[in-house]
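Participant: Sequence plus predicted model, see below.
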Amino acid sequence: MSSTRTSKPGAPLRQERFASAYASGLLANLVAKRCAQIQDAGTRATIWFLQWLSWQPGGLCAHFGAAREKSLFELCLNPKLDSPELLRTVADYRAQWLQKLPGVAQTTVGRRIADALDFTRQARCLTLIDGPARIGKSFSAEDYCQRSAGRVRFVAVPCSSDDISFFRAIAKALGVSSSLQLKAAELRLRIEETLSSGDLALLFDEAHYCFPQNWQRYAMPSRVNWIMTALANSKIAAAIITTPQFFAAQKKTEELTGWNGSQFDGRIAHVERLPEVLPIQDLLAVARSIFPEGDSHTWQQLAGYADLNAQTKLAGMTALVQRARWLAGQQGRAEATPADLRSALREGFAATAFCAPRPDRQAPAKASRSADAHSFFTRPQATAAELVSQ
């Protein structure tokens with residue numbers, strides 16, 4: 001049934017009337033057809049960069065202006081269009097865009113995740129990246145995806161158990177139409193059509209949600225099965241970021257359903273085990289990155305808080321900085337000071353004591369540090385009062 005989206009004067013307002021006014025980006029499954037006919041890998045990377053940008057806030061207009069948007073869309077979709085000059089312009093802009101990306105703290109976790117993903121993309125295989133919570137896995141993964149300029153797409157696996165939400169999350173990351181009217185099978189076909197070219201890689205965060213969340217006796221892990229068959233078997237680069245919850249969920253699924261987990265384990269080409277404890281140098285680097293207006297003592301305080309607070313770790317540092325800046329704003333200042341951070345630290349230690357694990361829920365013993373770790377953070381008598389003093 002066709003619709004012209006017109007209404008008579010005085011007719012009741014319908015919200016859908018303005019739906020077409022909201023611009024959408026380039027559909028990845030259509031761009032994949034165009035890239036399938038291009039031999040040069042650099043040209044394909046340039047086109048995928050445009051497709052990824054088209055779904056970012058402001059779209060291509062924000063980067064190239066409204067006058068060029070139509071020609072750029074056609075460049076990504078029209079197989080008969082040959083415009084070397086326009087391709088060079090986009091390639092030069094891509095290089096400049098990558099150089100202007102803000103720097104982030106280089107940590108052990110970030111470097112190891114980057115190395116694992118580099119291998120995954122080159123070998124076109126399935127990789128498992130495992131580590132404890134709150135050590136910066138998701139941040140490092142998202143930063144890698146950003147610096148890939150659209151070649152690696154970040155997927156936050158939803159906590160529901162249905163297939164439609166899982167495929168819709170992937171479709172959104174790829175830039176495939178994720179209309180609420182599309183069924184799961186339709187989304188899945190478009191996703192597989194997009195990935196079949198092999199140009200893109202998927203990175204799944206919170207991968208323990210790939211297992212059923214409603215523990216029913218015959219609830220097979222359809223999400224994991226799809227990753228095995230549609231990605232690993234088809235040589236499509238994919239990586240999953242896990243915590244110990246993933247393996248507990250896998251074991252429970254095997255016990256309840258009889259699902260053969262060895263089939264999945266055998267398809268994992270590489271397992272990257274991340275460190276249990278972050279080195280002091282990494283904590284200081286993160287502190288300098290998230291609170292550049294601080295000084296050396298302030299950064300030590302932030303690192304010490306993260307080192308002593310096993311529950312929040314890096315997330316606790318970020319929360320303290322946000323609290324310090326909010327306190328500064330309450331006093332009419334645009335920039336936080338070390339005094340603001342000390343106030344936030346006192347509040348943070350009070351909250352830590354309030355939320356301390358109960359005796360029946362004690363966390364496992366923390367791994368020991370190397371002998372060369374800074375004594376300020378390793379001596380047993382280090383207390384909250386010492387960290388927030390001065």
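Facilitator: Received, thanks.
Participant: Give the rounded mean pLDDT of whatever helix or strand residue 298 lives in.
Facilitator: According to DSSP states H and E, residue 298 maps onto helix 296-308. Mean pLDDT, helix 296-308: 89.
Participant: With stretch 153-165 instead?
Facilitator: Here the average pLDDT along stretch 153-165 is 93.
Participant: If you count neighbours, what's buried in the helix or strand hosting residue 264?
Facilitator: Secondary structure assigned from DSSP H and E places residue 264 in helix 261-265. Across helix 261-265, burial judged by 16 or more other CB atoms under 10 Å covers residue 264. Any C-beta I mention is one placed from the backbone N, CA and C, and that applies to glycine too.
Participant: Check which helices and strands that helix is in contact with.
Facilitator: helix 244-257 (3 or more CB pairs under 8 Å, 6 or more residues apart in numbering; DSSP states H and E).
Participant: For the protein, which residue occupies the most central location?
Facilitator: residue 142 (3.6 Å; CA atoms, centre = their mean).
Participant: Now the element after the helix or strand where that residue lies, going C-ward?
Facilitator: Here residue 142 sits within helix 137-147, counting by DSSP H and E. Next helix or strand after helix 137-147 toward the C-terminus (DSSP H and E): strand 152-156.
Participant: In the protein, where is pLDDT below threshold?
Facilitator: Low-confidence segments of the chain, defined by pLDDT under 70: 1-7, 15-23, 178, 215-217, 311, 349-390.
Participant: which residues in it form strands?
Facilitator: Along the chain, counting by DSSP state E, strands occupy 126-130, 152-156, 201-205, 238-242, 268-273.
Participant: Relative to residue 100, tell me which of the ones you listed wins on proximity.
Facilitator: Residue 100 lies closest to strand 152-156 among the strands of the chain, at 19.2 Å (CB to CB).
Participant: If you count neighbours, what's buried in that closest one?
Facilitator: 152, 153, 154, 155.
Participant: With residue 326 as the reference, measure out to residue 102.
Facilitator: Note on residue 102: its distance to residue 326, by CB to CB, to the nearest Å, is 22 Å.
Participant: Show me which of the two is the more surrounded one.
Facilitator: residue 326 (12 against 7; other CB atoms under 10 Å).
Participant: what residues are up against residue 43?
Facilitator: When contacts are counted by CB atoms under 8 Å, 6 or more residues apart in numbering, residue 43 touches residue 87.
Participant: any idea how far residue 237 is from it?
Facilitator: Taking CB to CB, one finds residue 43 at 19 Å from residue 237.
Participant: same check, this time on residue 86
Facilitator: As defined by CB to CB, residue 86 lies at a distance of 28 Å from residue 237.
Participant: Which of the two has more residues huddled nearby?
Facilitator: Taking neighbours as other CB under 10 Å, residue 86 and residue 237 compare with residue 237 leading, 25 against 17.
Participant: quick one: contacts for that one?
Facilitator: 120, 121, 123, 124, 125, 152, 198, 200, 201, 202.
Participant: Neighbours of the first one, how many?
Facilitator: Okay, so that is residue 120. 23.
Participant: Check the second one too.
Facilitator: By the criterion of other CB under 10 Å, residue 121 has 19 neighbours.
Participant: What residues does it make contact with?
Facilitator: Residue 121 neighbours (CB under 8 Å, 6+ apart): 151, 152, 201, 237.
Participant: wait, which of those is closest to residue 106?
Facilitator: Looking across these and measuring by CB to CB, the closest to residue 106 is residue 152, at 18.7 Å.
Participant: and residue 271, what does it touch?
Facilitator: Per CB under 8 Å, 6+ apart, neighbours of residue 271: 127, 128, 130.
Participant: Contacts only, for the second one.
Facilitator: The neighbourhood of residue 128, defined by CB under 8 Å, 6+ apart, consists of 239, 240, 242, 268, 270, 271, 272.
Participant: ok, which pair from those is furthest apart?
Facilitator: Top of the distance list for the contacts of residue 128 (CB to CB): 242 and 270, 13.1 Å.
Participant: Which one's more surrounded, these two?
Facilitator: residue 242 (22 against 15).
Participant: correct me, but that one touches residue 132?
Facilitator: No. Judged on CB atoms under 8 Å, residue 242 makes no contact with residue 132 at a distance of 10.4 Å.
Participant: pretty sure residue 28 contacts residue 174?
Facilitator: Yes. Using CB under 8 Å, residue 28 makes contact with residue 174 at a distance of 4.4 Å.
Participant: So what's the residue count around residue 233?
Facilitator: 11.
Participant: which ones are touching the residue lying closest to it once chain neighbours are set aside?
Facilitator: Closest residue to residue 233 apart from its sequence neighbours, by CB to CB, 6 or more residues apart in numbering: residue 267 at 7.5 Å. By CB under 8 Å, 6+ apart, the residues touching residue 267 are 126, 228, 232, 233.
Participant: at 10 Å what do you get?
Facilitator: Neighbouring residues of residue 267 by CB atoms under 10 Å, 6 or more residues apart in numbering: 125, 126, 128, 227, 228, 229, 231, 232, 233.
Participant: intersection of neighbour lists for residue 242 and residue 270?
Facilitator: Listed as contacting both residue 242 and residue 270 by CB under 10 Å, 6+ apart are 128, 129.
Participant: thinking again about what came up before, name the residues contacting each of residue 242 and residue 132.
Facilitator: Counting by CB under 10 Å, 6+ apart, the residues touching both residue 242 and residue 132 are residue 274.
Participant: Show me the chain divided up by domain.
Facilitator: 21-99, 108-273, 280-357+369-388 (automatic domain parsing).
Participant: Let's have those in JSON lines, adding distance to residue 12.
Facilitator: Shown next, in JSON lines, are the domains of the chain (distance: least, CB to CB, whole Å):
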{"stretch": "domain 21-99", "distance to residue 12": "19"}
{"stretch": "domain 108-273", "distance to residue 12": "23"}
{"stretch": "domain 280-357+369-388", "distance to residue 12": "44"}
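Participant: So which of these is nearest residue 11?
Facilitator: domain 21-99 (17.8 Å).
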